[in-house]
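In: model the following, please.
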Amino acid sequence: MKKNIAIIMGGHSSEFKISLLSGNVVFNSLDKDKFNLYRIHILKEKWVLVDEHQEEYLVNKHDFTVSLNNQILKFDCVFNAIHGTPGEDGLMQAYFQLLDIPQTSCDYYQASLTFNKRDLLSVLKPYGIKSATSFYLNKGDIVLADEIINKVGLPCFVKANKAGSSFGITKVYHKAELPNAIVNAFLEDDEILIESFLDGTEVSVGVIHYQGKTKVLPITEIISENDFFDYSAKYEGKSQEITPARITKKQEERVVQVAKLAYDTLKMKGFSRSEFIFVGDEPYMLEMNTTPGLTAESILPQQAAAAGISLSELFESTIWEALNEN
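Out: Sure thing, here's the model as predicted:
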């Protein structure tokens, strides 16, 4: 009997349009002879199933069911394609765990931890995973520009702590630019981090749980046409993404080791995509994304293709992994 799969997409963050694209790629890539597939839009104002005619049916939040054609539709598994809150920060993961419905991304604690850049890097530091020198600010804190610059130097990056896809990030070259950069970051989150500039090759490393094992995918080198890998570089074609990355064998071996260590140490499941910058041969971690973009042009699918894994194989494997865990 075919399994009913809910593909959740949308979310509450600035990334909801990208999430809708990812979710529709998943819907169109999976084999409909193997699964009954349903698109579920998770939005602030409503949770709805959207059918092929764009008709909407309300989702019952008490048990995640839908009344469809005079029957109650229940789901065997949820494919999580939400970037940002509530799909990448642990809220949906905890909800589905309470309902005992398998879902394809990591568990709620890992999602919450990795969504918080400051906490993630702090937890991984004792395992020898390096990161940039940083300064933390919460909304309402007194901003002492000289103190910040003395610690992190110039140029530096001002980032929202809990936001993805380069929203709320500014590269600051001069002290006078710092206040506006901080205001910009606080538009996305009430916590920010200010990091020292690392001058080196940037790479993105996908790690997945595939056929029962942790698998590090071919590494992607990021070359932004902009000043850094911001939103337009990521999603509007203003970057080169070269897979496999043009790095040395020593660099490759080291970043594969570090990415796998982070994934296994955190007891991750499903997909992850971590960003690193090399300082010499040592990779410095910037962040880890647990529901990365899933369009054909997105980095993780590019890496899977380089490893000989099609989109349908990639998506199907994570559904079976989730189902077999329960």
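In: so which residues of the protein form helices?
Out: 16-29, 91-99, 108-115, 117-124, 145-152, 178-186, 231-235, 249-265, 299-306, 311-325 (DSSP state H).
In: which one of these lies nearest to G293?
Out: When the helices of the chain are ranked by distance to G293, counting by Cβ to Cβ, first place goes to helix 16-29 at 5.6 Å. All C-beta spots, glycine's among them, are computed from the backbone N, C-alpha and C.
In: which one of the helices of the chain lies closest to K3?
Out: Taking Cβ to Cβ, helix 311-325 is the member of these nearest to K3, at 6.9 Å.
In: what comes up buried for the closest one?
Out: Judged by neighbour count using 16 or more other Cβ atoms under 10 Å, the buried positions of helix 311-325 are 311, 314-319, 321-322.
In: quick one: low-confidence residue ranges for this protein.
Out: Flagging of the chain using pLDDT under 70 yields the residue ranges 164-166, 226-238, 326.
In: show me it divided up by domain.
Out: Following the assignment in automatic domain parsing, the chain carries domains at 3-104, 112-130+199-325, 134-196.
In: pick out the residue nearest the middle of this structure.
Out: The central residue of the chain, meaning the one whose C-alpha is nearest the mean C-alpha position (Cα atoms, centre = their mean), is N289 at 2.7 Å.
In: for it, what are its contacts?
Out: The contact partners of N289, by Cβ atoms under 8 Å, 6 or more residues apart in numbering, come to 83, 88, 114, 164, 272-275.
In: same check, this time on K3
Out: Neighbour list for K3: 35-36, 76-77, 319, 323 [criterion: Cβ under 8 Å, 6+ apart].
In: nearest to I42, of those?
Out: Each of those was scored against I42 by Cβ to Cβ, and C77 proved nearest at 15.8 Å.
In: that closest one pairs with what?
Out: C77 has these beta-bridge partners by DSSP bridges: I5.
In: correct me, but it touches D100?
Out: No - the pair C77 and D100 does not pass the contact test of Cβ atoms under 8 Å, sitting 11.5 Å apart.
In: between those two, who's got more neighbours?
Out: C77 (22 against 7; other Cβ atoms under 10 Å).
In: how many neighbours does Y57 have?
Out: In terms of burial, Y57 registers 16 neighbours under the definition other Cβ under 10 Å.
In: now I72. Nearest residue, chain neighbours left out?
Out: The shortest distance from I72 to any residue that is not its chain neighbour, by Cβ to Cβ, 6 or more residues apart in numbering, is 5.2 Å, and that residue is T65.
In: many thanks, we can stop here.
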